[in-house]
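Asks: After the sequence you'll find the predicted model.
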Amino acid sequence: MAPYDAHDAMSEIATEAKTWRRQLHQYPELLFDLPKTAALVAEKLAEFGCDEVVTGIAKTGVVGVIKGRLGEGRTIAFRSDMDALPMSEQTNLPHASKVANMMHACGHDGHTATLLAAAKHLAATRDFAGTVVVVFQPAEEGGAGGRVMIEEGLLERFGIHEVYGMHNQPGIPVGSFAIRPGPMLAAGDRFMITLNGRGGHAAYPHLTHDPLLAGAHMVTALQSIASRFTNPFDPVVVSVTYLSAGNPAALNVIPASIQIGGTIRTINPETRKAVEQRFRDIVNSTAKLFEAEAEIEWRAGYPVTVNDPEKTKIAVAAARRVAGDDRVNDDWPRTMGSEDFSYMLEKRPGAIIWLGNGDSAALHHPAYDFNDDAIIHGMQYWTALVGERLKPGV
């Protein structure tokens, strides 16, 4: 048998991973309902010769365990998300989604293929001391699958000491990486307000308690949270994204009830608490002003994603081994998006890094597609991270 040539083998695996990625892309699945995706992942991990393959964590989560051949050491985990989004694809690509109203618009297909590629290489070489745990997580897109995996004992069961994540980012060149220590992504909370008033004839508004008028004032007042209530150097975003009121077939009727929904993003945990209270005060006081009643459904979302400073340095060192100094930005601006890898970083030290996706459409856009050329770079990053953390005697 010919010796294992790491460089040639990684290139071959990356090419193979493009096929896996496009297969995943054509058959997207949502939240925890990922039977086909999970089956493919588990099949590949077993094929690679992982020491252990565990399925069924958080319903469809899959975990592979790869032990190094250089002795005992720490256990580090690499996490990939697997779920798609409930939206229609508009790429017209040969590998476009074949499932109506579902598409991989955030690149989780690419994340999964990239981590599978790294797992295949690591299982073949095992040139490290300790253990690598590859975690394939369901329900990142709003289902908090990472939290569920933790609640079901992921970290303790596999003895995980550190956790690392990766997410592609359009606008960063392929072959480049970006990261920052401390808060990197925002907390994302959602709200739904039901305003109940007194409906009636549009010709006699004085006999009503118009919830639509109250709602219009409320939407405007909520914008004061970011513009007047918080420090401009402490990022806060308040976005009203949903408004349901009345009936277009009955324009002479003032409705008795309306709904307003949206999202609030914060970076500072204390600000998050203060903003929620301010939100509730504005909603309730505005409703009272217009003799309406407000019902608030507050949906606490993912926490702030905080990179451990020391582990961020390690991630930067690994990325620079792959890409060189000039293609790694270690002071990338925070983003107001959110990420449920935050739950794992609350429990174990680690870091998440951006992987360049090139000049593609934005994440969550119907024309988005993961750039297959990024797979080899992500795969090399995971491997370099093993080299940084699982050296014999460290």
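Replies: Everything's here; your move.
Asks: Residue 251 touches residue 202, doesn't it?
Replies: Yes: under the criterion of C-beta atoms under 8 Å, residue 251 makes contact with residue 202 at 7.3 Å. The way it works is simple: take the backbone N, C-alpha and C, and place the C-beta from them, glycine included.
Asks: Looking at those two now, which is surrounded by more residues?
Replies: Regarding residue 251 and residue 202, a neighbour count based on other C-beta atoms under 10 Å identifies residue 202 as having more, with 14 against 8.
Asks: who touches stretch 283-303?
Replies: Contacts made with stretch 283-303 from outside it, assessed by C-beta atoms under 8 Å, 6 or more residues apart in numbering, are listed as 144, 187-198, 209-211, 213-214, 217-218, 221-222, 263, 269, 276, 280, 338-340, 342-343, 346.
Asks: which strands and helices sit next to the host helix or strand of residue 40?
Replies: The secondary structure element spanning residue 40 is helix 35-48 (assigned by DSSP states H and E). With contacts defined as 3 or more C-beta pairs under 8 Å, 6 or more residues apart in numbering; DSSP states H and E, the packing partners of helix 35-48 are helix 6-26, strand 52-57, strand 61-67, helix 108-125, strand 131-137.
Asks: I'd like the average pLDDT over the last one.
Replies: It refers to strand 131-137. Mean pLDDT, taken over the full extent of strand 131-137, equals 98.
Asks: how far out from the middle of the chain is it?
Replies: 17 Å (C-alpha atoms, centre = their mean, to the nearest Å).
Asks: Figure out which of the helices and strands packed on helix 35-48 is closest to residue 93.
Replies: Go through the helices and strands packed on helix 35-48 one by one with C-beta to C-beta and the one that ends up closest to residue 93 is helix 6-26, at 8.4 Å.
Asks: so where's this structure uncertain?
Replies: Confidence mapping of the chain against pLDDT under 70 gives the ranges 1-6, 393-394.
Asks: Could you pull up the residues touching the residue nearest the centre of it?
Replies: Against the mean C-alpha coordinate of the chain, by C-alpha atoms, centre = their mean, the closest residue is residue 339 at 3.6 Å. Contact criterion C-beta under 8 Å, 6+ apart gives 140, 165, 167, 185, 302, 305, 352 as the residues in contact with residue 339.
Asks: and the first one, how many neighbours?
Replies: Same thing as residue 140. By other C-beta under 10 Å, 23 other residues sit near residue 140.
Asks: got it, and the fifth one?
Replies: By other C-beta under 10 Å, the residues close to residue 302 number 22.
Asks: Point me to the helix or strand that includes the closest residue in space to it that isn't next to it in sequence.
Replies: Residue nearest to residue 302 in three dimensions, not counting chain neighbours: residue 338, with 4.4 Å by C-beta to C-beta, 6 or more residues apart in numbering. Following DSSP H and E, one finds residue 338 outside all helices and strands.
Asks: Next, find the distance separating residue 338 from residue 358.
Replies: 23 Å (C-beta to C-beta, to the nearest Å).
Asks: okay, the two: which has more neighbours?
Replies: Under the neighbour definition other C-beta under 10 Å, residue 338 and residue 358 were set side by side, and residue 338 has more, 21 against 16.
Asks: That one against residue 183, yeah?
Replies: No: look at residue 338 against residue 183 with C-beta under 8 Å: they stay out of range, at 11.2 Å.
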